[in-house]
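K.L.:
predicted structure and sequence below. I'll ask about it afterward.
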Amino acid sequence: MKFCSDCAHPVSLSIPPGDNRPRYVCSNCGAIHYQNPKMVLGSIPVWEEDGEMRILLCRRAIEPRHGYWTLPAGFMENNETTAEAAIRETVEEAGANIQLHELFSLLNVPHVHQVHMFYRATLLDLNYAAGIESLEVKMFAADEIPWDEIAFQTVSHTLKFFLADHQARMTGGAYRFHTLDILKPAPYPEALNID
């Protein structure tokens, strides 16, 4: 940050009185500009029929990780709830109509200042289509997921948690809530911006 968003005066990085970390501070108007993690919301859209379960994935049409597969997800907007953001992103990226269930995973990604959250979801129909940020949208059975082509660690972990819980349901288990801190960057260059 170079300029104050309140008065357009140059800002400097300093620790404000009573604070414990550097912030961008405007010496002209006194505004302190706090920077907080971005929230990324998405869904795990599932279709079950005749005992078979498939998960809807999107192939990214934008960077980072262009051409790789992801769950439909993106940055939360102001004036919406986390559930509304997950539904909106699913419609925008996959053109899919879903019934949203409980929050399934929360993944902290501190090295890129983000928190990713995914809700379980049921597809209401098979009328889906790639949005402007997707090259294609496709259903995958558990043994068809292209693990080497998954765009982000948050998506890989969420899919693995989901498949393990789905399998556990066959023997009386249940879907659980999962959290994970991803403390190391992936071995591929990424910004983890999945908007």
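P.N.:
Received the coordinates, thanks.
K.L.:
isn't Thr70 right up against Leu57?
P.N.:
Yes. Counting by C-beta atoms under 8 Å, Thr70 sits close enough to Leu57 to count as a contact (6.6 Å). The way it works is simple: take the backbone N, C-alpha and C, and place the C-beta from them, glycine included.
K.L.:
quick one: which of those two has more around it?
P.N.:
Leu57 (27 against 24; other C-beta atoms under 10 Å).
K.L.:
what's the mean pLDDT across whichever strand or helix holds the more buried one?
P.N.:
Using DSSP states H and E, Leu57 falls within strand 52-60. Strand 52-60 shows a mean pLDDT of 98.
K.L.:
also stretch 173-180?
P.N.:
Mean predicted confidence for stretch 173-180 is 97.
K.L.:
chain center to that stretch: distance?
P.N.:
Taking C-alpha atoms, centre = their mean, to the nearest Å, the mean C-alpha location of stretch 173-180 is offset from the chain mean by 17 Å.
K.L.:
list the buried residues for that stretch?
P.N.:
By 16 or more other C-beta atoms under 10 Å, the buried positions in stretch 173-180 come out as 175, 178, 180.
K.L.:
CSV please, covering those residues and showing distance to Ser156.
P.N.:
Converted to CSV, the buried residues of stretch 173-180 look like this (distance: C-beta to C-beta, whole Å):
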residue, distance to Ser156
Tyr175, 18
His178, 13
Leu180, 11
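K.L.:
switch those residues over to a markdown table; also include secondary structure and distance to Asp19.
P.N.:
What follows is the buried residues of stretch 173-180, written out as a markdown table (DSSP: H, G, I helix; E, B strand; the rest coil; distance: C-beta to C-beta, whole Å):
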| residue | secondary structure | distance to Asp19 |
| --- | --- | --- |
| Tyr175 | coil | 40 |
| His178 | strand | 33 |
| Leu180 | strand | 29 |
